[in-house]
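Asker: Only the shape, not the letters, is given here:
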């Protein structure tokens, strides 16, 4: 791991976001959904990260956040421009519903006598649709816009498995390097749960789940530079950590089994007691977080790693969440300081884990070993 | 490298515009039948394109019947295809309940945002109350919040088909959904291939499922000028590589394949015939809709797949093309094939089954991988139907209008997608 980028609430960049984490600053405030808190990205000007201002016409907020985080990660890694051509790009993304104004306009122009009218849709609503609307909202265009804007032309993929997507992207990026498909991969996740449609859907789901609390809905992105060890060494890059293990699972057998499978796969033969910190995207999300407790108890027993996840402070960041936790984890290794925890070993060779999971059941875990590979 | 397990295809299932079932689909492809018809599931009159490759079947609803025809249509396709794939692999579904089994599916924009069935009814009361005045964002949000049925997210979101398969078969390993648009089906095959080859999995259900044949889907592609408008001649509208091609035909469906290590297949008494041998992926990093005109990265994806398979262009006997029937795609794909395969490109038959099925978007690469598998298994190459007028820029052997028998030892499968994703797979016969 040689570079980090964030575009998150209480940030937007890595330095400010981590300072806010150390200080315990909460970005959560009243949101657009009445009575429901929100966690927005503030202080981010997308014009500063695109090649031309015109490009923003084709980029929804999630794409802008991804590009902001991607540019910061690239600069942080100190990669030369000529590395771009063969660099891979893998992101965890979510389908964006479309722009609120257009959705309303189309609905309005499709109505006749209170119901959908195919003839009005064809004759009037279609005209109101921005010709390139699809490109603003296609999920793979989040990744593609990063590749286009940054001229990254290597391996690429876009994954969606709810909140597990970001760590799945990290895992796939690791795989791509291990099998020789790339020397460098920019991997992470991006989401925007604050557009009115997504927010309405997310809030509706939580409101109707028994035992749900009001989890703040948020937005943002995290991007991480994965690099083949010899490639990083040869160019004298500063290495924050190596990926020491990866694992995925699915909640199909019994509650908590999916994450336990993922963590055990990431640990492989490593003694669970050696894991110093655990960065989970648990934020109180009903229907998911309660199973995580069962998983951690099954794997770690009573000797839990220090719980350091930032999701409780930042809120629900959707398909960005796992990658955001990984970025905070890695920054804690760089700084030698862990938000909310003391007497934690962050020195070379120490082990740290990020975990995340989706409401649908996918689970992912990544184990990091601090410092450069020996 | 030699210790890496061989990854074989041991079963295939599909739901396509030609048939519910892979066997009748394959028979239809060899017979040159078209699944493209005037749209029947909804009133498409007045839209620029009124024809599509629709799945028309009488299968029972797997979702809540109250949700009608849009509750997880892609899920139902995937469940059907998976059942058929398991049967054809002669695989006990109980063997899927393991951490060493994964599900990798290509998917795309789901059906949960379809205006006709969801958004308009949801917003109708608020719009009526607004009486022509602009609808405030807060009112829009409140309408969604109060009217949304959360179960719909589970039924109709892109990750739903993969999750449904994993839940049904109690899969405990990786469950991934690839969202790389028209390349997603092939990418799911490639990523599962890598995970099995790396020794992390014994087997996986892989493929794609997509149902975009609805008014919003048609309009979105129409607006980009991507669809054929030959509404009066549906069966010949999709004409990949033909000089008169004017866009693709939107289709829907699913294919699911069982991938496993050769050892796992043999251990349960199966004698596999075809393996996945290579996989290459690149990004154009060029434009959102247009492929890079120099075809350099598409070329690189093909070369990488060959490299992973450890073979050269001379070893290929067939290319199952992406072949969408758009001007740009077919020209650039031809250019990439010539650049990657050199002189061999002139000898190797290239065909596109989209000429008969239409473009199944995120499921396309999966269905076409199934077709490539069948070509290797049977020696029959499906035709590029509707190819009549040669295009000087598309000057390869496209197997026009007639299936062909040949000895096919290794084959290439290309897929590409909006945003510049290029995916290539190499499939190979294990035994003669």
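Answerer: Received it, and whenever you're ready, just let me know what you need. Keep in mind the model is a prediction, meaning the values are calculated, not measured.
Asker: Residue A:264: what's it in contact with?
Answerer: A:247, A:299 (Cβ atoms under 8 Å, 6 or more residues apart in numbering or on different chains). All C-beta spots, glycine's among them, are computed from the backbone N, C-alpha and C.
Asker: And residue B:165, by the same measure?
Answerer: Counted by Cβ under 8 Å, 6+ apart, residue B:165 has contacts B:78, B:79, B:82, B:103, B:105, B:171, B:205, B:256.
Asker: cutoff 7 Å now
Answerer: Counting by Cβ atoms under 7 Å, 6 or more residues apart in numbering or on different chains, residue B:165 makes contact with B:78, B:79, B:82, B:103, B:205.
Asker: Which helix or strand contains it?
Answerer: Assessed by DSSP states H and E, residue B:165 sits inside helix B:160-169.
Asker: The very next helix or strand once past that helix and chain A, are they touching?
Answerer: Later in the chain than helix B:160-169, the nearest helix or strand by DSSP H and E is strand B:175-178. Yes. Judged by Cβ under 7 Å from any Cβ of the partner chain, strand B:175-178 and chain A are in contact via B:175, B:176, B:177, B:178.
Asker: For strand B:175-178, which helices and strands make contact with it?
Answerer: Counting by 3 or more Cβ pairs under 7 Å, 6 or more residues apart in numbering or on different chains; DSSP states H and E, the packing neighbours recorded for strand B:175-178 are strand A:156-159, strand B:101-106, helix B:160-169, helix B:184-197.
Asker: could you give the mean pLDDT of the third one?
Answerer: Read it as helix B:160-169. Averaged across helix B:160-169, the pLDDT comes to 94.
Asker: picking that back up, for the helices and strands packed on strand B:175-178, which one sits closest to residue B:42?
Answerer: The minimum distance between residue B:42 and the helices and strands packed on strand B:175-178 falls on helix B:160-169, with 21.0 Å, by Cβ to Cβ.
Asker: residues touching the residue most central in space within chain A, list them.
Answerer: By Cα atoms, centre = their mean, chain A has its centre lying nearest to residue A:320, at 1.9 Å. Contact analysis of residue A:320 by Cβ under 7 Å, 6+ apart lists A:166, A:189, A:190, A:191, A:220, A:221, A:222.
Asker: In strands, which of those residues fall?
Answerer: The strands, defined by DSSP state E, take in A:189, A:190, A:191, A:220, A:221, A:222 from the contacts of residue A:320.
Asker: Between which two of those residues is the distance greatest?
Answerer: Farthest-apart pair in the ones in strands among the contacts of residue A:320 is A:191 and A:222; separation 10.2 Å (Cβ to Cβ).
Asker: which SS class is the most centrally placed residue in chain B?
Answerer: The centre of chain B sits closest to residue B:364, judged by Cα atoms, centre = their mean, with a distance of 1.9 Å. Following DSSP: H, G, I helix; E, B strand; the rest coil, we place residue B:364 in the helix state.
Asker: residues contacting it?
Answerer: B:182, B:185, B:354, B:415.
Asker: Residue A:224 too?
Answerer: A:1, A:3, A:4, A:73, A:170, A:187, A:188, A:323, A:326, A:327.
Asker: mind putting the residues you listed in a markdown table, secondary structure and neighbour count included?
Answerer: As requested, those are exported to a markdown table (DSSP: H, G, I helix; E, B strand; the rest coil; neighbours: other Cβ atoms under 10 Å in any protein chain shown):
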| residue | secondary structure | neighbour count |
| --- | --- | --- |
| A:1 | coil | 29 |
| A:3 | strand | 26 |
| A:4 | strand | 29 |
| A:73 | helix | 26 |
| A:170 | helix | 31 |
| A:187 | strand | 33 |
| A:188 | strand | 40 |
| A:323 | helix | 37 |
| A:326 | helix | 32 |
| A:327 | helix | 34 |
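Asker: Next, format these as JSON lines and append pLDDT and distance to residue B:272.
Answerer: Formatted as JSON lines, the contacts of residue A:224 follow (pLDDT from 0 to 100; distance: Cβ to Cβ, whole Å):
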{"residue": "A:1", "pLDDT": "98", "distance to residue B:272": "39"}
{"residue": "A:3", "pLDDT": "98", "distance to residue B:272": "43"}
{"residue": "A:4", "pLDDT": "98", "distance to residue B:272": "44"}
{"residue": "A:73", "pLDDT": "98", "distance to residue B:272": "42"}
{"residue": "A:170", "pLDDT": "98", "distance to residue B:272": "33"}
{"residue": "A:187", "pLDDT": "98", "distance to residue B:272": "33"}
{"residue": "A:188", "pLDDT": "98", "distance to residue B:272": "37"}
{"residue": "A:323", "pLDDT": "98", "distance to residue B:272": "37"}
{"residue": "A:326", "pLDDT": "98", "distance to residue B:272": "38"}
{"residue": "A:327", "pLDDT": "98", "distance to residue B:272": "43"}
